[in-house]
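A.B. asks: I need the structure of the sequence given here:
(2 chains)
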Number of protein chains: 2
Amino acid sequence: MEIKVVSNILKVNDAIARGNQSLFKEEGVFTVNIMGSPGAGKTSLLLRTIEGLGNDLKIGVIEGDIATTHDAELIQQTGVPVVQINTDGACHLDANMIKEALSHLDLSKIDLLFIENVGNLVCPAGFKLGESAKVAVLSVPEGDDKPKKYPAIFGIADAVILNKIDTLSVFDFDVASLHKDILSIKEGMEIFEVSCKTGEGLSSWINWLKKVVIL
Amino acid sequence: MEIKVVSNILKVNDAIARGNQSLFKEEGVFTVNIMGSPGAGKTSLLLRTIEGLGNDLKIGVIEGDIATTHDAELIQQTGVPVVQINTDGACHLDANMIKEALSHLDLSKIDLLFIENVGNLVCPAGFKLGESAKVAVLSVPEGDDKPKKYPAIFGIADAVILNKIDTLSVFDFDVASLHKDILSIKEGMEIFEVSCKTGEGLSSWINWLKKVVIL
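C.D. replies: Numbers count the residues shown, from 1 in each chain, chains lettered A, B, ... in the order given. Presented below is the predicted three-dimensional model:
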């Protein structure tokens, strides 16, 4: 019974996600769902990415948070259009929340739409939003064992960002072991090692984005 | 419809949690549910706490993880009895998982049972396990804005551990602002600032534990 209900919820979600996807395709919008633990640096990554892309692409952002408009305010300061979704307790975004948020964005003026999911390394993996690509953000302080312990989100990701590499000397973190574990979950995964604090490594990520958005 | 089902699931969970609670009471076991983001340092805290308590209390541990027995193996090396729960994708422990795990522990030989929840700052807040106390673990690299952004878990906690204070010089983290935000969510909250790496601050936490377990 419980499983049936959950499966229906997922079916309804997937149908709405397909609708979002069609709309994104019609409007020529490439959409990236950014997922990761609280404090992994998802918003910092967005700020750096907006800065790094400059005027090359027209950007929009949907910010997902349980509470507060803190992250959306930071994004707004960059001048890109942003919509805040407050999930009011829910542990992930779903396709319907995105559908409703889209009515507040002019998609004809957006090439690349970032969706920052709720800080959670588990639940966002189960809910499609209609996005073109999924990115998992992991930060050095969280530890190199996270792909092994939370395989679902890494399994569905198209790219993994390892953030806060400026703190590698502070933490006991085995980068080679992380690569090995991620590649054993998904062969050929794109992995970018960056520091949103110092800016190190971000150009590879930004070049990858430009490449996938044009394709 | 969806809400009704969720509410039934919570009702069933609460009933099982009350059963666990009665059992803990009969057996004289004080139970602490440890919650926090992936990589906040929940297992490190347990290892330090087991070391710090020495032979003062007989300890047991239930380890909750989505996958792997990595954390349970670390605990086992200390010699305390440990049971691993693999949730197989589920984002939190529930009372029934605890009930089943208890059949693998001799409660008559345990004074203090730690339950390490799945790494998640959202979902564990919704599910009672029958525990005597709830502890939220936050680490400095996650940022000082987390209580504002994830208020539920801090609202139900009896104590908050701020871990990784040895990295305060590396991150832009306002400890005073954190205290203010936590206390605005719950007046009089116990807050312990610790480093499970250096051992700093752990004695206050351990003394608090000894005090609440005896009471």
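A.B. asks: How far off centre is stretch A:206-215?
C.D. replies: Chain-centre distance of stretch A:206-215: 15 Å, with Cα atoms, centre = their mean, to the nearest Å.
A.B. asks: tell me which residues in the helix or strand of chain A with the lowest mean pLDDT are buried?
C.D. replies: Taking mean pLDDT, DSSP states H and E as the measure, helix A:2-27 is the helix or strand of chain A with the lowest mean score, a mean of 86. Neighbour-count burial for helix A:2-27 flags A:I9, A:N13, A:I16, A:A17, A:N20, A:Q21, A:L23, A:F24, A:E27 (criterion: 16 or more other Cβ atoms under 10 Å in any protein chain shown). All C-beta spots, glycine's among them, are computed from the backbone N, C-alpha and C.
A.B. asks: From what I see, the last one and A:L107 are in contact.
C.D. replies: Yes - here A:E27 reaches A:L107: they are 4.0 Å apart, a contact under Cβ atoms under 8 Å.
A.B. asks: pLDDT weak spots in chain A?
C.D. replies: A:1-6, A:215 (pLDDT under 70).
A.B. asks: just the helices in it please.
C.D. replies: Applying DSSP state H to chain A gives helices spanning A:2-27, A:42-53, A:70-76, A:95-102, A:146-149, A:151-156, A:175-185, A:202-214.
A.B. asks: I'd like to know how far the residue nearest the centre of chain A sits from B:I98.
C.D. replies: With distances taken as Cα atoms, centre = their mean, the residue of chain A nearest its centroid is A:I34 (0.4 Å). Distance of A:I34 to B:I98, given as Cβ to Cβ, to the nearest Å: 33 Å.
A.B. asks: If we look just around chain B, which residues of chain A are in range?
C.D. replies: Residues of chain A lying close to chain B (Cβ under 8 Å from any Cβ of the partner chain) are A:2, A:5, A:9, A:37-39, A:65-68, A:70, A:89, A:91, A:118-123, A:139, A:141-143, A:145-146, A:148-152, A:164, A:167, A:170.
A.B. asks: Can you select the buried ones among those residues for me in PyMOL?
C.D. replies: Per 16+ other Cβ under 10 Å, the buried members of the residues of chain A next to chain B correspond to this PyMOL selection:
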select buried, chain A and resi 9+37+38+39+65+66+68+91+118+119+120+121+122+123+139+141+142+143+145+146+148+149+150+151+152+164+167+170
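A.B. asks: Would you mind pulling the contact partners of stretch A:181-200?
C.D. replies: Contacts to stretch A:181-200, defined as Cβ atoms under 8 Å, 6 or more residues apart in numbering or on different chains, come from residues A:41, A:44-45, A:47-48, A:144-145, A:147-148, A:151, A:154-155, A:157-166, A:175, A:178-179, A:201-202, A:204-205, A:208.
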